[in-house]
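Visitor: Predicted coordinates and the sequence they were generated for:
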Amino acid sequence: MADIHDKEVDQISGVETTGHEWDGLKELNNPLPRWWLYLFYVTIAWAVIYWVLYPSWPLVSSYTTGVLGSNQRAEALAALEEGIAGRSEFADKIVATSLEDISKDQQLLQFAMANGKAAFGDNCAPCHGNGGTGAEGYPNLQDDTWIWGGTLDDIHTTLLYGIRSDHEDTRIGDMPSFGKDELLDKEEVAQVSNFVASRAGLETKDGVDLAAGETLYVDNCAACHGDNLEGIQEVGAPSLMSASYLYGKTLEDITAQVHTARNGVMPPWVDRLDEATVKSLAVYVHAFGGGQ
Amino acid sequence: MSTDTHTQGGGHDDEWFASAKKIYPMATHGLFRRIKWTLLFITLGIYYFLPFIRYDRGPNAPNQAVLIDMEGRRGYFFFIEIWPQEVYYLTGLLIIAAVALFLMNAVAGRLWCGYLCPQTVWTDLFLWVERKIEGDRRERIALDKESWTFGKLGKRATKHFFWLMIAWWTGGAWVLYFNDAPTLVWQLLTFQAPMIAYIWIAILTSTTYLLAGFMREQVCIYMCPWPRIQAALTDEKALNVTYRWDRGEPRGSLKQNKKLEKQGMPAGDCIDCFQCFQVCPTGVDIRKGAQIDCIQCGLCIDACDNIMAKVGKPSGLIGYDTDENIERRIEGKEPVYEIVRGRTIAYAGIIAVVGAIMLATLLNREFADISVLHDRNPVFVEQSDGSVRNGYTVRLSNKRRHDRHFMLHVEGMPAETRVEAVGVEETFAGRPIINVGPDTTREVRVLVTSPPGSELPHSTPVTFRITESVMGEVVTTQDTFKAPERD
């Protein structure tokens, strides 16, 4: 066979031609290195090995699982387990340490802050906002106004049992709807609302009898909100002198609240989050800066 | 298209894929061979033994002179200790390395390839082993043609054994840079070392064995990008291993050229002995001129000089020379060697500048560091008394090997401004004293509260200043204090 094709050699480059010719142009034969070809075979073999070892072919209702039984879902779950186990050293310490002492240990504080931040984003941020600044009806956790107290223990208790929740140890303090339930008539609601606004330094409506409002306040509100509108934490009655009002700080907002009280609910976390996480959350929220 | 193309293509794919031609480089001796041996000893000596050099850094610190501690996130190089945020030193090193390659290239072509490239160095070592066991070029060619006998098998087995030993030591030395070397050696011997160490040893053993034992010049010719780059960087003034054809041509056998000389015909010094070709590790015939396969190792210079000495002719028929000089000699001018020229000055200048910057930053390194991140959500918080509070995440780094206390002061705020650090109780004149452990970074949440009624603008530039309690080292950084927009 070999003698059939005359090996034509290109004069200029000294390279053999393949015999292919197009319009007088001849293709030179510069073969690829053989190792390159072998490498290609190796990749094919590699692919076959992979098919055998790992999940690869889709079937009608399932897929080939591969002899190694590799499963990324199982791996992810195992990694998750491992993560929880890895955290347990610090989590156990958090549980064993009092709330006050957690921040005295640099490492524990760091862990509690990180753990609290993650838990806050998952559980608290929907109502209180990512930064804990709250919204109308959802208290701002960054400022120093605390309805139920801002010490570590107060925050911890609120977290555990919630506010007006279905837990038996929950914190309850209901503000009556003075207008809606006809405890006060319309004019009285206006009078007491204007009185509160006047004391909080807000604009009031002209021609409203503030003295009557004060009397109404002493009779109806002072028991919870205090003689000087300073609020009483034990019953969850907010200070009315604070710069931050939960349901808005205008005369209209105050009037609306006196007429039809809104009483927000916070769920209890004692059964939903583990002890270390709740404690971490308390430390984290306290460290927002407003903690007492 | 003729019919015989089918007979060509069908059946034997030899036409499409060529086996690499095996190269049997011959041993030589001379100046460049000696330079190469010396560099091989120095570079491999450094690589294999550097991890065992100790350097006392005091207690609680590794005493290995060169160590990349991945777990502790530190790099140690004698007196230098690199933290993760200082990896820019690596950038500097890479810039210097790149420009040094350019400079080498501008001065004398592919100096790197021929003398310093790991591929060259290990291939050289492997070839030496091969030569010791199987003999020089002729014997190796003969051995390859020989049929398999116990003798051949023994030689081959011995060769591969030593190759694998060198390759294994190469991989082993690599992992020693990432852990305390004596400890790791013991762990490796007792099979206690981490899996990753064995994996890396396996990777580097196999790559060294394959690349230096089998791939050799093919790495330089097919796999390495540098020949292409250097071809673009070189110029007519760069020294390159050059066949001085102005002197060598017309070439011919010793006899033939002598005859020509007697007849008064032109005869070159090249006696066409092919020694330059036979010693070449990449199988280049340097007499064909500058070519991309040539790694400029200079072995052909040695080979040719040896022959020239034997035939009683001056050395240097092949030598480091420039294209320009050949032209000049043909024109009857003196050759010139312009090593100092615009290009080399520029490269050397860049190296000097980057080196100086690195040295200056190294010498003026601070041993404390502060970085401040302002809370984004919320940007500020109004308090019940009308004061405004900003939250910051402050990171303090202590690069000394002992506990240090830093006093944190926020400047640019009105008097009566409160500065608190969460978890820090100790203060001095209202300024938190933050303790940072040896060789660590501590992150603290810092709350800055303006006094009530201070009516600050929307944004106030502030300076965070830390003062170290003993040495008085001071580090500052800038940030802002945000307050509500006022109308």
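Guide: Thanks, I have the structure now.
Visitor: Just to be sure, B:Gly154 is in a strand?
Guide: No - with DSSP: H, G, I helix; E, B strand; the rest coil as the criterion, B:Gly154 is assigned helix and is not in a strand.
Visitor: which residues touch B:Leu254?
Guide: Taking C-beta atoms under 8 Å, 6 or more residues apart in numbering or on different chains as the criterion, B:Leu254 is in contact with B:Ile271, B:Val311. Where you see a C-beta, it was placed from the backbone N, CA and C, and this is true even at glycine.
Visitor: hang on, I meant A:Thr145
Guide: A:Thr145 makes contact with A:Pro139, A:Pro238, A:Ser239, A:Ser242, A:Ala243, A:Ser244, A:Gly290, B:Ser384, according to C-beta under 8 Å, 6+ apart.
Visitor: What count of nearby residues applies to B:Ala157?
Guide: Neighbourhood size, B:Ala157 [other C-beta atoms under 10 Å in any protein chain shown]: 11.
Visitor: so after the strand or helix carrying it, what's the next helix or strand?
Guide: Applying DSSP states H and E as the criterion places B:Ala157 in helix B:150-176. Beyond helix B:150-176 on the C-terminal side, the first helix or strand identified by DSSP H and E is helix B:181-189.
Visitor: From the contacts of A:Thr145, which shows the smallest pLDDT?
Guide: pLDDT across the contacts of A:Thr145 is at its lowest for A:Ala243, which sits at 73.
Visitor: so that residue touches B:Glu382, yeah?
Guide: Yes - if you go by C-beta atoms under 8 Å, A:Ala243 and B:Glu382 touch, sitting 6.0 Å apart.
Visitor: hang on, the earlier thing: please identify which of the contacts of A:Thr145 is nearest to B:Cys294.
Guide: If you rank the contacts of A:Thr145 by distance to B:Cys294 using C-beta to C-beta, A:Gly290 comes first, at 74.2 Å.
Visitor: State the three-state secondary structure for the spatially most central residue of chain A.
Guide: In chain A, the C-alpha nearest the mean C-alpha coordinate belongs to A:Gly121, at 1.2 Å (C-alpha atoms, centre = their mean). In terms of secondary structure, A:Gly121 is helix; the call rests on three-state DSSP.
Visitor: For A:Glu136, give me its contacts.
Guide: A:Leu246, A:Tyr247, A:Gly248.
Visitor: what comes up buried for stretch B:304-313?
Guide: Burial within stretch B:304-313, assessed by neighbour count using 16 or more other C-beta atoms under 10 Å in any protein chain shown, is assigned to B:Cys304, B:Asp305, B:Ile307, B:Met308, B:Lys313.
Visitor: returning to what we had before: dump the contacts of A:Glu136 to TSV, plus neighbour count, pLDDT and distance to chain B.
Guide: Output for the contacts of A:Glu136, formatted as TSV (neighbours: other C-beta atoms under 10 Å in any protein chain shown; pLDDT from 0 to 100; distance: C-beta to the nearest C-beta, whole Å):
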residue	neighbour count	pLDDT	distance to chain B
A:Leu246	20	88	13
A:Tyr247	15	90	16
A:Gly248	13	87	15
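Visitor: Going by distance to B:Leu164, which of those residues wins?
Guide: Within the contacts of A:Glu136, proximity to B:Leu164 (C-beta to C-beta) peaks at A:Leu246, which comes in at 76.2 Å.
Visitor: Surely the closest one and A:Asp143 touch.
Guide: No - under the criterion of C-beta under 8 Å, A:Leu246 makes no contact with A:Asp143, lying 11.2 Å away.
Visitor: how about the residues of chain A near chain B?
Guide: Neighbours of chain B within chain A, by C-beta under 8 Å from any C-beta of the partner chain: A:1, A:4-5, A:18-21, A:29, A:31-37, A:103-104, A:106, A:109-110, A:113, A:129-131, A:133, A:140, A:142-145, A:239, A:241-244, A:287-290.
Visitor: Out of those residues, list just those in strands.
Guide: If you go by DSSP state E, these have A:Thr18, A:Gly19, A:His20, A:Glu21, A:Leu32, A:Pro33 in strands.
Visitor: Just the buried ones out of these, please.
Guide: Among these, those classed as buried by neighbour count (16+ other C-beta under 10 Å) are A:Thr18, A:Gly19, A:Pro33.
Visitor: need the helices for the stretch 101-250 of chain B, in chain order.
Guide: B:111, B:118-134, B:137-145, B:150-176, B:181-189, B:195-210, B:217-218, B:226-233, B:245-248 (DSSP state H, counting those that start in this stretch).
Visitor: and the ones you listed, which is most packed in?
Guide: Each of those was assessed for mean neighbour count using mean count of other C-beta atoms under 10 Å in any protein chain shown. The highest is helix B:111, with a mean of 21.
Visitor: Closest approach to chain A from the stretch 251-400 of chain B, which residue is it?
Guide: Of the residues in the stretch 251-400 of chain B, the one nearest chain A is B:Asn377, at a distance of 3.3 Å by C-beta to the nearest C-beta.
Visitor: For stretch B:480-487, buried residues please.
Guide: Buried residues in stretch B:480-487 (16+ other C-beta under 10 Å): B:Phe481, B:Lys482, B:Ala483.
Visitor: Over to the spatially most central residue of chain B. Which of the three states is it?
Guide: Relative to the mean C-alpha position of chain B, the nearest C-alpha, by C-alpha atoms, centre = their mean, is the one of B:Ala97, at 6.6 Å. Using three-state DSSP as the criterion, the local structure at B:Ala97 reads helix.
Visitor: related to what we said a few turns ago, could I get the buried residues of stretch B:480-487 as TSV with secondary structure, pLDDT and distance to B:Arg244?
Guide: Conversion of the buried residues of stretch B:480-487 to TSV gives the following (DSSP: H, G, I helix; E, B strand; the rest coil; pLDDT from 0 to 100; distance: C-beta to C-beta, whole Å):
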residue	secondary structure	pLDDT	distance to B:Arg244
B:Phe481	strand	95	75
B:Lys482	strand	94	75
B:Ala483	coil	92	80
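Visitor: check those residues against chain A, which are close?
Guide: Residues of those in contact with chain A (C-beta under 8 Å from any C-beta): none.
Visitor: want to try a markdown table for those, with distance to B:Leu189 as columns?
Guide: Shown next, in a markdown table, are the buried residues of stretch B:480-487 (distance: C-beta to C-beta, whole Å):
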| residue | distance to B:Leu189 |
| --- | --- |
| B:Phe481 | 60 |
| B:Lys482 | 60 |
| B:Ala483 | 65 |
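Visitor: residues in contact with the residue nearest to B:Phe79 when sequence neighbours are not counted?
Guide: Closest residue to B:Phe79 in three dimensions, ignoring its sequence neighbours and counting by C-beta to C-beta, 6 or more residues apart in numbering or on different chains: B:Tyr55, at 7.8 Å. Contact partners of B:Tyr55, counting by C-beta under 8 Å, 6+ apart, are B:Asn63, B:Gln64, B:Ala65, B:Tyr76, B:Phe78, B:Phe79.
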